[in-house]
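> no sequence for this one, just the structure:
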């Protein structure tokens, strides 16, 4: 009963709205009919039905308009029914995490897995994102004091990343919330890179520059008329400029690496082919140092996920070091072998030299920027002090490990463990 | 992750404990990070902030202790639940110590950065701090995921931290012998390095507690000490500069 009257009321309301919507048309019609009545001398029997006809016409629903609106609604409903939240999350390029009232992860998209790793549904969010600002963000959204909020969140390890994180509730009464991470690392890193580059470059370029300046002074003064000394000084100056150029190259490549903190997923690298081409490209250097490069590759496919150019640089730097610093050993062994020890299956690439080796106390330090065991040796071998820190940076991005084993007098082995998953 | 109890309030209480631990962990990580940043960038303002932040961790530890004791008294927990609660007490004590050590580093910022120091002095310390912070982060990640099968990395990294500390000790000693004016900053840096090395040890302790919570067994006890600074003396052969 109550329902029926409500329906009637709504019909009446709809009619009233229609009348109101066509009020101008209606008024024009009434005026026209009245004018015709006044001038054409028509009887009142015609006038009343004409006016009634007008009124009924105005009350009829605007069929065309209604149909198109209904069609759009139907398309939207059918379309959205087929859309699952999962597909929508997968289509978002930024890391996105859906969680419930107890801050437990319900779903995380592929980008979130790639960026943070180890976030399975069921994991408690505040246990994973422990930074104080993230804790307050989660608390305030979950307690319902605010519907959505945005904070800046930085992660320092393993690689520095900065995000703008927004948290908000999804729909009404779903008890679901969503976190979206917008990567801001690049803009921030450009600023930092500039500052770091200038600090490092100015410090490291000063020494060769001072030596060049000194020789120019000598050449213009005491050694002005000494051709033998002039030739010798010019040679030294050329070496120094070469060193400066190498240093700038290395600093730039390190800065470039820092610009893009994570890898594009999905690309595979054939280690056998990569290491082979590294050995080929370093053959002239090996000959020059009279070092023989021996290969010991395991059989079968040796593929790992990663970036070929970057891994090429890793093995190039390691092999170059082995040839230069292990020169006295006369040979360098490059081996590739599957490694299934412990928790992580992967492939080990080991580059072993038989030179003087590295004293134990230096081993933990040699991947630091500009750390040199012996400054003089490093200079004469044309080292910049950046080779191994570039190696370490690339390996961090690949989730790989560098293990250095060495015994003084027996040589050194640099072993790269690349995970295969 | 956790078994479900008939009294959901108990679940809530246990969840609250682990959430508080995570919040303390986040604070401790941030404090150490900022203390080292203050040292490297000679930023006494940031150092002061770290010193003030320590109160948050002290408060956190007291709260967890109180809550844990009330839960034990009220619920009479057994097995995993009991280990979870006792573990929370132990982890919060370790995290509070990490905060203290971070504060200690921050306190030395003014003394070390008084006068310009070469950046090479800090580079090693930064690397050591990165190792210790990675250790702490990964251990707390395991606390979240409870995947103790991956906990082997903790021992490896502990060895790395010890080796790095030994090397740093030697380097600082060399600087002091080169120039007596280096003695003041280098002595402070030596203490900073020791504090950071201790942070790594506390992270390892936390890992052992987590292992105990999840499995009910103690972590296998082979733990060779890699810190060899006790054998370094001035007569030891010095590394070439």
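Yes, it's here. Nothing here was measured: the structure is a model prediction, and the numbers come from that model. Residues are numbered from 1 along each chain as shown, chains lettered A, B, ... in the order given.

> in chain B, which ranges drop under the pLDDT threshold?
Within chain B, the set of residues satisfying pLDDT under 70 comprises B:1-7, B:115-117, B:221-228, B:231-241.

> Spatially central residue for it, please.
In chain B, the C-alpha closest to the average C-alpha coordinate belongs to residue B:199, at a distance of 2.7 Å (Cα atoms, centre = their mean).

> tell me which element that residue falls in.
Per DSSP states H and E: residue B:199 is located in helix B:183-215.

> just checking, what packs against that helix?
Secondary structure elements in contact with helix B:183-215, counted by 3 or more Cβ pairs under 8 Å, 6 or more residues apart in numbering or on different chains; DSSP states H and E, are helix B:8-40, helix B:79-107, helix B:109-113, helix B:120-145, helix B:153-178. All C-beta atoms are positioned from the backbone trio N, CA, C, and that covers glycine.

> and it, which residues are buried?
Of the residues in helix B:183-215, those buried under the neighbour-count criterion (16 or more other Cβ atoms under 10 Å in any protein chain shown) are B:185-186, B:188-214.

> Repeat that for stretch A:166-173.
For stretch A:166-173, using 16+ other Cβ under 10 Å, the buried residues are A:166-167, A:169.

> just stretch B:148-159 next, same as before
The neighbour-count check on stretch B:148-159 (16+ other Cβ under 10 Å) flags B:148, B:151, B:153-155, B:157-158 as buried.

> SS state for residue A:181?
strand (DSSP: H, G, I helix; E, B strand; the rest coil).

> Let me see the contact set for it.
Listed by Cβ atoms under 8 Å, 6 or more residues apart in numbering or on different chains, the contact set of residue A:181 reads A:94-96, A:112, A:115, A:153, A:163-165.

> which among those gets closest to chain B?
Distance from chain B was checked for each of those by Cβ to the nearest Cβ. The minimum falls on residue A:153, at 10.9 Å.

> Could I get the phi/psi values of that closest one?
For residue A:153, the backbone dihedrals (degrees, to the nearest 10) come out as phi -130, psi 130.

> Within the helices and strands, which one has residue A:99?
If you go by DSSP H and E, residue A:99 is part of strand A:96-100.

> doesn't residue A:306 make contact with residue A:346?
No: taking Cβ atoms under 8 Å as the contact criterion, residue A:346 and residue A:306 are not neighbours in contact, 11.3 Å apart.

> lowest confidence element among the helices and strands of chain A?
Within chain A, judged by mean pLDDT, DSSP states H and E, the helix or strand with the poorest mean is helix A:2-21; its value is a mean of 63.

> all strands of the stretch 1-150 of chain A, in order?
For the stretch 1-150 of chain A, strands defined by DSSP state E, counting those that start in this stretch occupy the ranges A:96-100, A:105-108, A:148-155.

> Tell me the strands beside the helix or strand just after the last one, with direction?
Note on strand A:148-155: by DSSP H and E, the next helix or strand toward the C-terminus is strand A:161-170. Under the criterion DSSP bridges, strand A:161-170 sits next to strand A:148-155 (antiparallel), strand A:176-183 (antiparallel) in its sheet.

> Show me what residue A:148 is bridged to.
Per DSSP bridges, the residues bridged to residue A:148 are residue A:168.

> list the contacts for it?
Contact analysis of residue A:148 by Cβ under 8 Å, 6+ apart lists A:141, A:166-169.

> What's the separation between it and residue A:88?
Look at residue A:148 and residue A:88: by Cβ to Cβ, to the nearest Å, they are 18 Å apart.

> now swap in residue A:405 and tell me
The separation that residue A:405 has from residue A:88, given Cβ to Cβ, amounts to 50 Å.

> can I assume residue A:161 is in contact with residue A:188?
No: counting by Cβ under 8 Å, residue A:161 does not reach residue A:188; the two are 9.1 Å apart.

> between those two, which one's more packed in?
Between residue A:161 and residue A:188, residue A:161 has the larger neighbour count (other Cβ atoms under 10 Å in any protein chain shown), namely 21 against 15.

> what's the pLDDT at that one?
Note for residue A:161: predicted pLDDT of 81.

> Repeat that for the one 5 residues further on.
The model reports residue A:166 with a pLDDT of 91.

> Leaving out sequence neighbours, find the closest residue to residue B:214.
The spatially closest residue to residue B:214, leaving aside those adjacent along the chain, is residue B:148, at 4.7 Å (Cβ to Cβ, 6 or more residues apart in numbering or on different chains).

> from what I can see the one you found touches residue B:215, true?
Yes: the pair residue B:148 and residue B:215 passes the contact test of Cβ under 8 Å, sitting 6.3 Å apart.

> Report the contact partners of the closest residue to chain A within chain B.
Closest approach of chain B to chain A (Cβ to the nearest Cβ) occurs at residue B:26, with a separation of 3.0 Å. Going by Cβ under 8 Å, 6+ apart, residue B:26 touches A:129-132, A:134-135.

> Find the pair from the residues you listed with maximum spatial separation.
In these, two members sit farther apart than any others by Cβ to Cβ. They are A:129 and A:132, at 10.3 Å.

> Specify which residue of those two has the higher count of neighbours.
Each of residue A:129 and residue A:132 has its neighbours counted (other Cβ under 10 Å); residue A:129 has more, 24 against 15.

> which residues touch the more buried one?
With contacts taken as Cβ under 8 Å, 6+ apart, residue A:129 has the following neighbours: A:135, A:138, A:153, B:26.
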